[in-house]
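Chemist: For reference, the sequence and a predicted model appear below.
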Amino acid sequence: MTFDDVNATAVPVQVLSEEECWDALLSASLGRLAVAVGGIPDIFPVNFVAADRRLLFRTASGTKLIELTVNNRVAFETDGVGRDEAWSVIVHGTAKALDTQREIDDAVALPLRPLIPTVKPIFVEIVPQLITGRRFALGPEPTATLL
């Protein structure tokens, strides 16, 4: 059974297992990277790929990379919305720029290309420490009953 095959209409909110979270991560390609430096949070949209129980994205020199150098503890979120259901997965972990040639060669082989026409030569991996997710049944608000 794949992630998309699950019918979420039985309950409005379901907690996803770790395996279901990975299935969702494998089906997605756009997410949001959250970092905090000096107590100031920042969120960056990134396209990514899930591979070998880690997440990878590409970047160029700039704010995102500087902030990851100062604080490598990150949160990452991706989600999807369909006709009858939606889902969200959050990954907490550590991020680091790949620096060995073998790591970079392995990353180059993955289907990870910039979405916009820019050069993003730096590969960053997020190693998850905690993965959580939820699936949401979509529909009208239930009628409230007064006591």
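Modeler: Yes, it's here.
Chemist: For residue 89, see how far away residue 34 is.
Modeler: 13 Å (Cβ to Cβ, to the nearest Å). From N, CA and C alone the C-beta is placed, and that goes for glycine too.
Chemist: Give the residue from the two that has the larger number of neighbours.
Modeler: Taking neighbours as other Cβ atoms under 10 Å, residue 34 and residue 89 compare with residue 89 leading, 26 against 16.
Chemist: Report the contact partners of that one.
Modeler: Applying Cβ atoms under 8 Å, 6 or more residues apart in numbering to residue 89 gives the contacts 16, 21, 24-25, 28, 77-79, 131-133.
Chemist: what two of the residues you listed are the furthest from one another?
Modeler: The distance between the two most remote of those (Cβ to Cβ) is 15.0 Å, for 28 and 132.
Chemist: Among these two, which residue is more densely surrounded?
Modeler: For residue 28 versus residue 132, the count of surrounding residues by other Cβ under 10 Å is larger for residue 28: 19 against 13.
Chemist: which helix in the chain runs the most residues?
Modeler: helix 18-27 (DSSP state H).
Chemist: Quick check: neighbours shared by residue 34 and residue 89?
Modeler: residue 77.
Chemist: List the residues that contact residue 64.
Modeler: 33, 35, 42, 44.
Chemist: remind me which residues of the chain are low pLDDT?
Modeler: 1-10, 146-147 (pLDDT under 70).
Chemist: rewinding a little: closest to residue 68 out of the contacts of residue 64?
Modeler: For these, the nearest to residue 68 is residue 35 (6.2 Å; Cβ to Cβ).
Chemist: The closest one: what's it in contact with?
Modeler: Contacts of residue 35 by Cβ under 8 Å, 6+ apart are 41-42, 44, 64, 67-68, 71, 73-74, 95.
Chemist: Since that was my last question, I'll sign off now.
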